[in-house]
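Engineer: just coords:
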DNA sequence: CTTTGATTATTAGCTGGCTAATGGTAGATT
DNA sequence: AATCTACCATTAGCCAGCTAATAATCAAAG
């Protein structure tokens, strides 16, 4: 059996390589890889609780908690008490956190172009559809 | 701009979800995720040096060093001095490390089937080709 | 030969994923 | 009202990736 011809193997290898590129992209605007995805959720909907972020990102609560520590320290977000439930905290973007979006958009385009430079427009479309289908499966 | 329609975004999300499945697969045979890929290289060619493993896996030397610590402790590999160069060590599979291959092959099939359950045979082929092309790009 | 530079393994410490365990709060049941 | 259960944030500690820095060794240049 050849492991390296399986989707699982290829996916794992591509992941590691692509993550390195993503980290470099994030570093250009003073962020780390994981912080990007938390900010993306806040750009969609500001003021989420940590448990909401964990749910939307499909990661564990301590992971969100740790990433938020960096974002707080970097002054990208603030943490407020949630009025209706003393257990929760709400996370809000600072102006720096809001401004980061435009910066990331530019860098993200560059990352995307580099990633897909070997693919035709049709292939990119097909790949997006296939990855979307994979995502549905692995998120269960 | 919508981040979540980009290849980079989809790839990152699929990676996290798939990695969780991969970790569970590894755990079934007493291994961790990263250890699997080191063993795969040794199954191809036993007795490699750490720097060779790092090169083939395309990861940093300290990563290999740390993973080998676990494999040594789990008695999957042994470490020997390299005769021709006192700086290097050679890594050899134990019988347990050799036997792990058959165990992983069975579990890997299950992982692969679960991962691709929503895809047709043709789609699997296309995805493999596209991932291979992506791999060539992200490994540069 | 000696010295300089490159290579190998290793350690320390960072991010980001995880599980397990705690403390505090909310809600439901009694 | 009291208790019990569920939920939220947090901490500690694990694995796997990374960079930077060190010690040891090899190789090559002088």
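Structural biologist: Structure's in. What do you need? Predicted, not measured: the structure shown is a model, and the values here were computed from it.

Engineer: contact partners for residue A:1?
Structural biologist: B:105, B:108-109 (CB atoms under 8 Å, 6 or more residues apart in numbering or on different chains). From N, CA and C alone the C-beta is placed, and that goes for glycine too.

Engineer: the same query, at a cut-off of 10 Å, please.
Structural biologist: B:101-102, B:104-106, B:108-109 (CB atoms under 10 Å, 6 or more residues apart in numbering or on different chains).

Engineer: what of residue A:80?
Structural biologist: With contact set as CB under 10 Å, 6+ apart, residue A:80 has these partners: A:47, A:88-92.

Engineer: and if we set it to 6 Å?
Structural biologist: residue A:90 (CB atoms under 6 Å, 6 or more residues apart in numbering or on different chains).

Engineer: residues from chain A in reach of DNA strand D?
Structural biologist: With CB under 7 Å from any atom of the strand as the criterion, chain A meets DNA strand D at residues A:16, A:20, A:49-51, A:54, A:61-62, A:65-66, A:68, A:79, A:82, A:85, A:87-89.

Engineer: now, the residues you listed that are in strands?
Structural biologist: Those of these mapping onto strands are A:79, A:89, per DSSP state E.

Engineer: considering only the residues of chain A next to DNA strand D, which also neighbour DNA strand C?
Structural biologist: A:61-62, A:66, A:85, A:87.

Engineer: spatially central residue for chain A, please.
Structural biologist: residue A:37 (2.4 Å; CA atoms, centre = their mean).

Engineer: that one and DNA strand C, how far apart?
Structural biologist: Distance of residue A:37 to DNA strand C, given as CB to the nearest atom of the strand, to the nearest Å: 6 Å.

Engineer: so who does that residue touch?
Structural biologist: Contacts of residue A:37 (CB under 6 Å, 6+ apart): residue A:57.

Engineer: can you give me the offset of the one helix or strand it maps to from its chain's centre?
Structural biologist: Assigned by DSSP states H and E, residue A:37 falls within helix A:33-44. Taking CA atoms, centre = their mean, to the nearest Å, one finds the center of helix A:33-44 at 5 Å from the center of the full chain.

Engineer: quick one: average pLDDT of it?
Structural biologist: Averaged over helix A:33-44, pLDDT sits at 97.

Engineer: stretch A:74-88 too?
Structural biologist: In this model, stretch A:74-88 has an average pLDDT of 91.

Engineer: list the buried residues for that stretch?
Structural biologist: For stretch A:74-88, burial by neighbour count (16 or more other CB atoms under 10 Å in any protein chain shown) applies to A:74, A:76-77.

Engineer: dump the residues you listed into CSV; add distance to residue B:97 and secondary structure as well.
Structural biologist: Listed next are the buried residues of stretch A:74-88 as CSV, based on distance: CB to CB, whole Å; DSSP: H, G, I helix; E, B strand; the rest coil:
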residue, distance to residue B:97, secondary structure
A:74, 43, coil
A:76, 45, coil
A:77, 46, strand
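
Engineer: check those residues one by one and keep those near chain B.
Structural biologist: Checked against chain B using CB under 6 Å from any CB of the partner chain, the buried residues of stretch A:74-88 give no members in range.
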